[in-house]
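Undergrad: 3D, please:
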Amino acid sequence: MSFTVHTKESAPAESKPVLEQIEKAFGFIPNMSAVLAESPLALTAYATVTGIAEEKSKLTPEEQQVVMLTVSHQNGCDYCVAAHTKLADMKKVPAAAVHAIREGQNPSDEKLSALVRATRSIIQERGWIDADALNTFLNAGYEKAHLLDVVTIVALKTISNYTNHIAATPLDPAFA
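TA: Residues are numbered from 1 along each chain as shown. This next block holds a predicted model:
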C-alpha cells in the first residue's frame, strides 16, 4: 500500500491548518506529518499531544527526547530514530547518551539510564514495568508524574512509529 506524502495543497481540508502550524514550528513540513495528514484525526492527535507534552511534561526537553529516541529505537523506526537524533542534539542531549540509546545500551549518566530502562521496560512489558526498573527510576529522583509522562510519550511515539512502518515514510533531508 502506498501513502501520499501530502503538501498543504493536496492534504484534506481539515489537515491543512495543522500542517501550517507544523511548517511554522519546523520551517518545513516533515514527511511524517505529511503522511499523517491523510487522516485529520491522526495528524491533529499527534500535533496536539506533542504540543501538550512540550508544555506540560514534568520531564525536561532533554529527557523528553531521550524517551522519544528510546521508544523509536525499541520500535525499530528508522525515520524517528534519525529525527530524534537531530532533535536530541538541538535539545543538548549528550552525544554519548544518544549514541548509547541508538546502540540499544544505557547511557552512562545514571538518571538518563534510569529513564531509558523504565521506558524500555514499559514497551517490552506492554505497559507493565519491571520492579527493578521502577525502583531505579524512582531512586534516580523521578516521580510518579514523570512515569505517566513517559507513558504518554510512548503513546505519542507509537502513533508516529507505526505510521512510518506502515507508510515507509521517506526520511527528510533535514533529519538525514
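
Undergrad: From C80, how far off is S113?
TA: S113 sits 21 Å away from C80, going by C-beta to C-beta, to the nearest Å. Heads up, the C-betas are built off the backbone N, CA and C, glycines and all.

Undergrad: same check, this time on V71
TA: Counting by C-beta to C-beta - V71 and C80 are separated by 8 Å.

Undergrad: shared neighbours of those two, which are they?
TA: Applying C-beta atoms under 8 Å, 6 or more residues apart in numbering, one finds that V71 and C80 are jointly contacted by K157, N161.

Undergrad: between S113 and C80, who's got more neighbours?
TA: Using other C-beta atoms under 10 Å, the more surrounded residue of S113 and C80 is C80, with 25 against 20.

Undergrad: ok, and the closest non-adjacent residue to that one?
TA: Nearest non-adjacent residue to C80, counting by C-beta to C-beta, 6 or more residues apart in numbering: S72, 3.5 Å away.

Undergrad: That neighbour sits in which helix or strand?
TA: For S72, the host element (DSSP states H and E) is helix 61-74.

Undergrad: what about that helix, distance to the chain center?
TA: 6 Å (C-alpha atoms, centre = their mean, to the nearest Å).

Undergrad: for the following helix or strand past that helix, packing partners?
TA: Beyond helix 61-74 in the direction of the C-terminus, DSSP H and E gives the next helix or strand as helix 78-90. Secondary structure elements in contact with helix 78-90, counted by 3 or more C-beta pairs under 8 Å, 6 or more residues apart in numbering; DSSP states H and E, are helix 31-36, helix 61-74, helix 95-102, helix 144-167.

Undergrad: got the buried residues for helix 78-90?
TA: Y79, C80, V81, A82, A83, H84, T85, L87, A88 (16 or more other C-beta atoms under 10 Å).

Undergrad: what's the answer for stretch 55-65, then?
TA: S57, L59, P61, E63, Q64, Q65.

Undergrad: could the residues you listed be laid out in CSV, adding pLDDT and distance to G127?
TA: Formatted as CSV, the buried residues of stretch 55-65 follow (pLDDT from 0 to 100; distance: C-beta to C-beta, whole Å):
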residue, pLDDT, distance to G127
S57, 98, 19
L59, 98, 18
P61, 97, 25
E63, 98, 20
Q64, 98, 19
Q65, 98, 22
